[in-house]
Structures are given as structure tokens and as C-alpha cells.
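Q: How does the following fold in three dimensions:
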Amino acid sequence: MSTDLKRRVGETAADLVSSGMTLGLGTGSTATWFVQGVGERLRDGRLKDVLGVPTSRATEAQCRELAIPMVDLPAGGVDLAVDGMDEVTDGLDAIKGLGGALLREKIVAEAATEFVLIGDLSKRVDRLGQRSPIPVEVVPFGVARTEQRLKDLGLEPVLRGGPLEPQLTDNGNPILDCRAPEPFDATWLDAALHAIPGVVEHGLFVGMARAALVASDAEVVRLERPA
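A: This next block holds a predicted model:
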């Protein structure tokens, strides 16, 4: 995805923000343009009294640079959450988490009155798992057993970063990137992954997004969840 497309879709998403909102601020190279757009609107007065809930340390650092006021996730949730996507179907089910922030992203997305995904046409797929692995954040204890349980589900897990230097999330947990060799029922797999004790969270965002903004060279299109 080109930088220009990321900037355009991030700017379009920033236009969804109204003064007084509490926002879920996503993580990654596309979401960073949304956060940039919010910061610019606060600075020039187009927006006022906006609070941000960052989904990663990287986004938190960007908020500090842009002087976006931050709060912990309120009990009542957020008005709007905007985040990038690694894959999305026409039904707006998605895979997220290649940036490693899937747990915090999902907590915030679930707490949002409206959750909007942003990306470009390359992220649209006929089925989940077509291009992207499913990131699964796991606890370090018993990781070999958790990996076997994932294999029992028909997945092909690979430890991100490798066994010598595993890549850890902001929560201090490793990620197993899981390929699904065959088409799968996302709702069933969502439940099956949550049933494994060693799994902290996974990157299947099923039935969560209200809309997706998809950028092409010609335009930015808004996709709505089917009724």
C-alpha cells in the first residue's frame, strides 16, 4: 500500500471525528495517518475536546508528539475506533495483528460505538486467511502445548521472530502466526481459539466493524456491514 493511499484513507477517516468524542486510536502504518489527521485538526481548531485511547505504545508516543490528550479506556467505551486491517471480506470480517497490537486493538474495538477499518484494495479478500496468517497472542508458559493445540485445529503456527529472539507484544507475550491451509468458518475458529487456555487473543475480528474505508488510486470507498 503506497504512502499516498495510506494518507488519503487516514485523512478520510479523520473527517469522521466530531468535537467532544473519545476515540480509539489504532496502530500501524495506515492508522498513523488517521492519528496524524486528528492531531492536525486539534491544532488548527477544527476539532476540540477530543480524547484518545491509544492501542499501543507506538501510538501513545505519536499522541504525545501531536499533543492529543489521552485517557485510559473508560468503562463506557469510546465513541469511535479507527484502525488498519490486514485482510477484510465484503462482509467486513477482518484479520488484524501483523503489527503486534491485536489484544489492545480488539479491546478498544469491542468498546467502540462505531468501529471503522481503513486500508486499500489489496486488503480485500474473498475469504479470511487468503493472504494473511492469523496472529495468535499466547502466554509464554506452555507455548509448545499451545502450539500443538493450534495444530490440532488444522492451523500451521510459526513463532514470530523465531525461537531465539521471539517478537513480544506490548503485553510481553509472543505471537504465533497461523496459516490456515483450507477455507475455514471464522465464527467457529474464533470460538475454538478462545477455548485454548494458553491463547490470550487472536487476530480474527469477526462481526466487529461497522464500516471500512477502502482506498484506490481513483477514490476512497466506504463499505458498510450488510444488514
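Q: just checking, what's the longest strand in the chain?
A: strand 112-120 (DSSP state E).
Q: Residue 213: neighbouring residues, count only.
A: With neighbours defined by other C-beta atoms under 10 Å, the count for residue 213 comes to 24. For the C-beta atoms, the positions are set from N, CA and C on the backbone; glycine is no exception.
Q: before we move on, which element is it in?
A: According to DSSP states H and E, residue 213 maps onto strand 211-215.
Q: Beyond that strand, next helix or strand please.
A: strand 220-224.
Q: List the contacts of the nearest residue to residue 112 once chain neighbours are set aside.
A: Of all residues not flanking residue 112 in the chain, residue 81 sits nearest, at 3.7 Å (C-beta to C-beta, 6 or more residues apart in numbering). Residue 81 makes contact with 23, 24, 25, 26, 53, 108, 109, 111, 112, 114, 115, 116, according to C-beta atoms under 8 Å, 6 or more residues apart in numbering.
Q: Most neighbours out of these, which is it?
A: Counting neighbours by other C-beta under 10 Å, residue 26 comes out on top of the contacts of residue 81 with 32 neighbours.
Q: tell me the phi and psi of the most centrally placed residue in the chain?
A: Closest residue to the average C-alpha location of the chain: residue 96 at 4.6 Å, with C-alpha atoms, centre = their mean. Recorded main-chain torsions at residue 96 are phi -140, psi 160, according to degrees, to the nearest 10.
Q: The spatially closest residue to it that is not a sequence neighbour - how many residues pack around it?
A: Closest residue to residue 96 apart from its sequence neighbours, by C-beta to C-beta, 6+ apart: residue 203 at 5.1 Å. Neighbours of residue 203 under the rule other C-beta under 10 Å: 28.
Q: can you list the domains in this structure?
A: Here the domain parsing of the chain from automatic domain parsing is 3-123+206-217, 134-200.
Q: could those domains go into CSV alongside distance to residue 224?
A: Converted to CSV, the domains of the chain look like this (distance: least, C-beta to C-beta, whole Å):
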stretch, distance to residue 224
domain 3-123+206-217, 5
domain 134-200, 19
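Q: most neighbours per residue, which of the ones you listed?
A: Sort those by mean neighbour count, taking mean count of other C-beta atoms under 10 Å, and domain 3-123+206-217 sits at the top with a mean of 20.
Q: now the end-to-end length of it.
A: Start and end residues of domain 3-123+206-217 are separated by 12 Å (C-alpha to C-alpha, to the nearest Å).
Q: Same question for stretch 24-36.
A: Start-to-end, stretch 24-36 (C-alpha to C-alpha) is 14 Å.
Q: Use 31 as the first number for this chain going forward.
A: Fine by me, first position is 31 from now on; the one you just mentioned is stretch 54-66.
Q: Contacts for it next, please.
A: Stretch 54-66 is contacted by residues 31, 36-37, 39-41, 43-44, 68, 82-86, 88-89, 92-93, 96, 98, 108, 110-114, 128-129, 131, 134-135, 138-139, 141-142, 145, 148-149 when judged by C-beta under 8 Å, 6+ apart.
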